[in-house]
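A.B. asks: my questions concern the predicted model and sequence given below.
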Amino acid sequence: MKNKMVNKVSEKARNEALRWHVCLGDDMASEADWIAFTDWLETEEQNRIAYDSLEDVVIDLAEIQQVNTEPAVVATTNVAATDNVINARSRWGNIRTWASAAAAIAATIIMVIGGRNIMSDGYAQQEYATAKGEQRLITLADGSTVQLNTNSKIKVMFEDKIRQTELVYGQAIFNVTKNADRPFLVSLGDSQVHVVGTVFDILRHKNEITVTVSQGVVKVAPIKKSSLQKSARLLPGSQLVHKEGTTDINITDVNPSIVMAWEKGYLEYDEVRLADVIEDLNRYFPIPIRVIGLAQDKRFSGIIRTADEQDALLILSEGLPVYVEKGRDEMLVLPNAN
């Protein structure tokens with residue numbers, strides 16, 4: 001049954017499998033290479049079959065080579081029936097196809113030894129960051145833009161076949177230029193976001209990842225193939241929350257314009273716990289804010305501008321039964337006595 005499946009694999013898939021085998025066998029294979037390889041495996045079933053078959057052939061070659069280096073034994077039976085000989089031709093359909101595969105492996109190895117594979121060419125890594133309270137619009141080499149929010153950092157390393165970025169911490173809105181032949185990846189610790197062309201927001205804060213899609217389709221997947229974490233495809237209006245280091249993901253429907261309101265200089269809330277509102281505000285303002293006791297569970301609805309800390313605290317104290325008190329090095333939000 002397996003041989004029939006292998007025979008149906010296209011020549012393109014076999015050639016790509018050869019290329020990946022050589023690329024990933026190189027000590028200089030980058031994280032971007034492994035990410036792109038994983039995505040290629042998941043694109044079509046025949047890609048996985050082609051690569052598995054190639055791995056089988058490589059194992060067979062190693063076993064044959066080991067047999068050939070041992071002392072020769074005079075055989076009186078048919079070679080095909082000898083236990084020590086692996087029939088490699090059945091793995092790739094026929095001996096001519098297998099020979100072509102071996103030749104392609106050898107040719108590609110020579111190319112890699114002579115000069116780095118095109119997928120792993122060295123490209124300068126660029127870093128962009130914002131301070132607390134600062135925002136910054138970045139235009140990337142492909143025309144995509146990244147709007148960095150307060151206290152955020154991103155790394156960018158574009159290659160010929162892939163557009164690789166990493167949100168190290170903070171929040172950003174990605175507006176990705178569409179290019180089906182050059183995927184755009186955002187690394188997020190144990191996960192990655194894979195897009196072709198779309199608009200989405202990512203918040204990476206305190207080991208929690210929140211991905212919100214405004215336009216297009218976004219795929220969020222674990223970086224390690226062995227991970228038990230499931231992949232997810234997000235449509236416009238979908239939001240995924242994932243705690244790094246766990247397999248848990250939670251997907252809900254949201255209003256992207258509310259999530260991305262920070263780009264316009266304000267935060268919008270609808271019945272949100274005050275403790276969570278304060279958590280947000282502490283990302284923007286220089287003086288820490290701490291909410292005390294029962295005030296944490298008060299629910300706030302409204303708009304808070306992120307340009308002025310005193311104004312933000314005033315809005316909270318007027319909209320909720322709380323008051324603000326200045327501490328030694330922080331601002332305290334406490335519940336009213338009555």
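C.D. replies: Happy to help now that I have it.
A.B. asks: the protein: helices as residue ranges?
C.D. replies: 2-7, 11-25, 31-43, 45-69, 95-114, 256-259, 274-281, 309-319 (DSSP state H).
A.B. asks: pick out the shakiest of the ones you listed, pLDDT-wise.
C.D. replies: Looking over the helices of the chain, mean pLDDT reaches its minimum on helix 95-114, with a mean of 40.
A.B. asks: which residues touch the residue most central in space within the chain?
C.D. replies: With distances taken as CA atoms, centre = their mean, the residue of the chain nearest its centroid is Gln192 (1.1 Å). Residues in contact with Gln192 (CB atoms under 8 Å, 6 or more residues apart in numbering) are 35, 185-186, 220-223. Bear in mind the C-beta positions are built from the backbone N, C-alpha and C, glycine included.
A.B. asks: pick the one among those residues closest to Val176.
C.D. replies: Nearest to Val176 among the contacts of Gln192 is Val186, at 9.3 Å by CB to CB.
A.B. asks: just the ones in strands from the contacts of Gln192, please.
C.D. replies: 185-186, 220-222 (DSSP state E).
A.B. asks: just put the residues you listed in TSV and tack on distance to Val196, pLDDT and neighbour count.
C.D. replies: Shown next, in TSV, are these (distance: CB to CB, whole Å; pLDDT from 0 to 100; neighbours: other CB atoms under 10 Å):
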residue	distance to Val196	pLDDT	neighbour count
Leu185	11	94	22
Val186	13	96	25
Val220	14	92	26
Ala221	14	89	21
Pro222	20	87	18
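A.B. asks: sheet partners, orientation included, of the longest strand seen in the chain?
C.D. replies: In the chain, with assignment by DSSP E, the single longest strand is strand 163-175. Pairing partners of strand 163-175, with direction, according to DSSP bridges: strand 145-148 (antiparallel), strand 153-158 (antiparallel), strand 184-188 (parallel), strand 199-205 (antiparallel).
A.B. asks: buried residues in it?
C.D. replies: 163-167, 170-175 (16 or more other CB atoms under 10 Å).
A.B. asks: nearest to Leu148, of the contacts of Gln192?
C.D. replies: Val186 (12.9 Å).
A.B. asks: what's the closest non-adjacent residue to the closest one?
C.D. replies: Val193 (4.2 Å; CB to CB, 6 or more residues apart in numbering).
A.B. asks: fine by me, thanks again.
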